[in-house]
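Student: Sequence plus predicted model, see below.
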Amino acid sequence: MDENEANDENEKTETEECPHSDAIQELLGRTGYKLEVFPSSRVYGGPPPDFTGDEPKEECQVFIGRLPPEMKEDEIIPVFEKIGKIYVMRLIMERLPSTNSRGYAFLCYLTPEHAATAITELNGHEIRAGVNIAVSKSEGNKRLYMGNIHKEKTQEELLNELQILFTGVKSVFVQQDLNEPSHNRGQR
């Protein structure tokens, strides 16, 4: 055995080390989807193997909460694929070295109708004995946090400047300095 073969044998993917690995491998074989494992998430699909067209819109995405931390794709996907074709699911993970999730995921269907049906039919669904999941519309977090803003910059001035630079800016919140109420908490 040469050095490269020895290194290949010692390298295992998280999927192989996962206690659900056989069931996950079976799921991937059945669906043809791929699974990518990152430090902060596990991404199933995106796009499906036979998919052609544009990426689904935001209204196709649902939030799945109250998942048991050790639950993986092999238990989640079969429940949600009964509703409709899945584009992608992101299972949000705890920090390494943990292999547990944070108990929530984001799943995107190909159509908004499937997302709406999943919310109606699967919110409160018993995914395991005594474990009911929460399924709701995914609300995109469209907030940008900025620092080092000059202390004398007003909320209105900042909003006007950002609207010139970027399309779609609707509002700005500037944290007030408690010691100088006419100033923000930025830098001088």
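Tutor: On my side now, so go ahead. Note that this is a predicted model, so its numbers are computed, not measured. Residues are numbered from 1 along each chain as shown.
Student: Which positions within stretch 68-80 qualify as buried?
Tutor: M71, K72, E73, D74, E75, I76, I77, V79, F80 (16 or more other Cβ atoms under 10 Å). Yep, even glycine has a C-beta here, placed from its N, CA and C like the rest.
Student: so how far is that stretch from its chain's centroid?
Tutor: 14 Å (Cα atoms, centre = their mean, to the nearest Å).
Student: Let me see the residues that make contact with that stretch.
Tutor: 18-20, 23-24, 26-27, 31, 35, 42, 44, 64, 67, 86, 89, 91, 94, 99-103, 105, 107, 118, 122, 125, 127-128, 131 (Cβ atoms under 8 Å, 6 or more residues apart in numbering).
Student: The same query, at a cut-off of 7 Å, please.
Tutor: Stretch 68-80 has contacts (Cβ atoms under 7 Å, 6 or more residues apart in numbering) with 18, 20, 23-24, 27, 35, 42, 44, 67, 86, 89, 91, 100-101, 103, 105, 107, 118, 122, 125, 127-128, 131.
Student: Go through these and flag which are in strands.
Tutor: 35, 42, 44, 86, 89, 91, 101, 103, 105, 107, 127-128, 131 (DSSP state E).
Student: Could I get these in a markdown table, plus columns for neighbour count?
Tutor: Formatted as a markdown table, those follow (neighbours: other Cβ atoms under 10 Å):
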| residue | neighbour count |
| --- | --- |
| L35 | 20 |
| R42 | 22 |
| Y44 | 25 |
| I86 | 25 |
| M89 | 26 |
| L91 | 23 |
| S101 | 20 |
| G103 | 17 |
| A105 | 25 |
| L107 | 28 |
| I127 | 17 |
| R128 | 11 |
| V131 | 12 |
